[in-house]
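Visitor: pasting the sequence and the predicted coordinates here, then a few questions.
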Amino acid sequence: MPTQTFTQTASTLASPEEVWIALQEPQTWEAIPGVDRVLDPLIDSVGALRGFSFESVAAGKTYLGQATPADRVEGESMTWNIETSEINGLLSVEIAPSETGSDLTVTLSVESRGVLSSMFFPVIAGSIGSGFPKAVKGFAASLD
């Protein structure tokens, strides 16, 4: 099945601690490429985000998906398994301290789920890729 990975780094004035706290808020993920709207967030008893449903628009079509925890290193990175009807993948945010706040590296890796989605995958991947750098920079700026 076809796959594609998108990676972009951007800076924010927010400290790594502030970024980590923001990543626990469902609406923060709406500023990250690949997630246009968060639905039904799952938040545990200590306030940590543990999963969510989402809508993503690619190539003019809205996809419903699920984000479930893949890996998290407190204060350093958070990675989600993502699944829609057309694609599976990983969405991660890595946080590194910088002299002025934090550097954020956002990576989205996607893979088509079937023969039919493979045929449309270049359109979906093109749609994601065309706006990815700008969206990551906007995400980082939203944390300032």
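Guide: Noted; the coordinates are in hand.
Visitor: just checking, what packs against the helix with the most length in the chain?
Guide: Taking DSSP state H as the criterion, the chain has its longest helix at helix 115-142. Packing contacts for helix 115-142, counted by 3 or more Cβ pairs under 8 Å, 6 or more residues apart in numbering; DSSP states H and E, involve strand 3-12, strand 49-58, strand 87-98, strand 101-112. All C-beta atoms are positioned from the backbone trio N, CA, C, and that covers glycine.
Visitor: give the buried residues for it.
Guide: Going by neighbour count (16 or more other Cβ atoms under 10 Å), the buried part of helix 115-142 is 117, 121, 124-125, 127-128, 132-133, 135-137, 139-140.
Visitor: then stretch 34-45?
Guide: Neighbour-count burial for stretch 34-45, counted by 16+ other Cβ under 10 Å, picks out 34-38, 41.
Visitor: stretch 83-92 now?
Guide: Within stretch 83-92, the residues scored as buried using 16+ other Cβ under 10 Å are 84, 86-92.
Visitor: what two of the residues you listed are the furthest from one another?
Guide: Glu86 and Ser92 (20.0 Å; Cβ to Cβ).
Visitor: could you pull up the mean pLDDT of the longest helix of the chain?
Guide: For helix 115-142, the mean per-residue pLDDT is 79.
Visitor: before we move on, what about stretch 2-12?
Guide: The pLDDT scores in stretch 2-12 average 93.
Visitor: put the alpha carbons of it into CSV.
Guide: Provided in CSV are the C-alpha atoms of stretch 2-12 (Å, rounded to 0.1, in the frame of the first residue of the first chain):
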residue,chain,number,x,y,z
PRO,A,2,1.2,3.5,-0.7
THR,A,3,2.7,5.6,2.1
GLN,A,4,3.7,9.2,2.6
THR,A,5,5.4,11.0,5.5
PHE,A,6,5.3,14.7,6.1
THR,A,7,7.6,16.5,8.6
GLN,A,8,7.8,20.1,9.5
THR,A,9,9.6,22.0,12.3
ALA,A,10,8.4,25.4,13.7
SER,A,11,9.2,27.5,16.7
THR,A,12,7.0,28.9,19.4
